[in-house]
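**Q** all I have is the shape, not the residue letters:
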């Protein structure tokens, strides 16, 4: 089972706590190259400045990388679905399919609050309608009209589609029944909440059940956030947080990989030295260990090798 790693930048620049991670893009470009070369497949773009800044950063990051997938953090309600669909399709076309959409829930704005009660279910209803429209705009071959609870579209059409007519991959998360129902309908990747093995196993089962209602149980992939701390700071870890020195993390992640988690989102390593160490120790060690375990699993109908057994005994 191939394991992917995603870099999740901190909210601030490692050398300046007042500056965002992507503040100095010349320096960021150097770190992007290191992140790409050291074994990460993806990077999350989630700048404090918000959605429009995220889109700009995503476009620049795509220009400075060749294989790294850009995970663009996005919210419903910031811009209209028709505008977002065009901009995201253009980015996807520019990337050659290296763009994915990380959909978060956000409270409704004050104008919405005046016309309808604001609550958890309402927020997710808007996310649901927003994603329905994005996917329809990414795939339709002629203009369409839509009148929903949150959006009104007349002649909606995106003339320049991305590489895949179905649009970019969608990532979601959450724990409530409402959130899981929306994720089960739309998510390609579900971002889990850190917790014990039993807690994560139960959440994965809930997500699969929600996806099964839409015939998508087998289409979901799972991602788990992991925080790496130096040996001196490992004692600061939270009760259910997977955290520790890089090599220790690799061992700790093995049972989670056995659950069927195919992606680990590495948080808290923003300096070049930290990134390189995570690549050498956490990423390489986990992949090598999993590869050895898979090689040791007997294939159906295969007989154990006498020579291999003698070598191991020696």
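**A** Here it is on my side, so go on. Because the structure is predicted, anything quoted here is derived from the model rather than measured.

**Q** moving C-terminal from the helix or strand encompassing residue 198, which element do we reach first?
**A** Element membership of residue 198, judged by DSSP states H and E, is helix 197-212. Per DSSP H and E, helix 197-212 leads on to strand 221-228 as the next helix or strand towards the C-terminus.

**Q** show me what the helix or strand following that next one is packed against.
**A** Moving toward the C-terminus from strand 221-228, the next helix or strand (DSSP H and E) is strand 243-244. With contacts taken as 3 or more CB pairs under 8 Å, 6 or more residues apart in numbering; DSSP states H and E, strand 243-244 sits against strand 221-228. All C-beta spots, glycine's among them, are computed from the backbone N, C-alpha and C.

**Q** what's in contact with the strand it packs on?
**A** 6, 8, 171, 188-194, 200, 204, 207, 237, 241-246, 249, 253, 256, 259-269, 274, 278, 282 (CB atoms under 8 Å, 6 or more residues apart in numbering).

**Q** which stretches of the stretch 1-150 of the chain have low pLDDT?
**A** Residue ranges of the stretch 1-150 of the chain with pLDDT under 70: 1, 13-14, 106-118.

**Q** flag every buried residue along stretch 215-224.
**A** For stretch 215-224, a neighbour-count test (16 or more other CB atoms under 10 Å) marks 216, 220, 222, 223, 224 as buried.

**Q** now do stretch 80-88
**A** Neighbour count says stretch 80-88 has 81, 82, 84, 85, 86, 87, 88 buried, by 16+ other CB under 10 Å.

**Q** check stretch 246-265 too.
**A** Of the residues in stretch 246-265, 246-250, 253, 256-257, 261-265 count as buried by neighbour count, 16+ other CB under 10 Å.

**Q** where does the residue nearest to residue 46 when sequence neighbours are not counted fall, helix, sheet strand or coil?
**A** Using CB to CB, 6 or more residues apart in numbering and skipping residues adjacent in sequence, the residue nearest residue 46 is residue 73, 3.9 Å away. Under DSSP: H, G, I helix; E, B strand; the rest coil, the three-state class of residue 73 is strand.

**Q** what bridges to residue 73?
**A** Counting by DSSP bridges, residue 73 is bridged to residue 102.

**Q** show me what contacts it?
**A** Contacts of residue 73 (CB under 8 Å, 6+ apart): 44, 45, 46, 51, 54, 102, 104.

**Q** gap between it and residue 152?
**A** Residue 73 sits at a distance of 26 Å from residue 152 (criterion: CB to CB, to the nearest Å).

**Q** thank you kindly, that will do.
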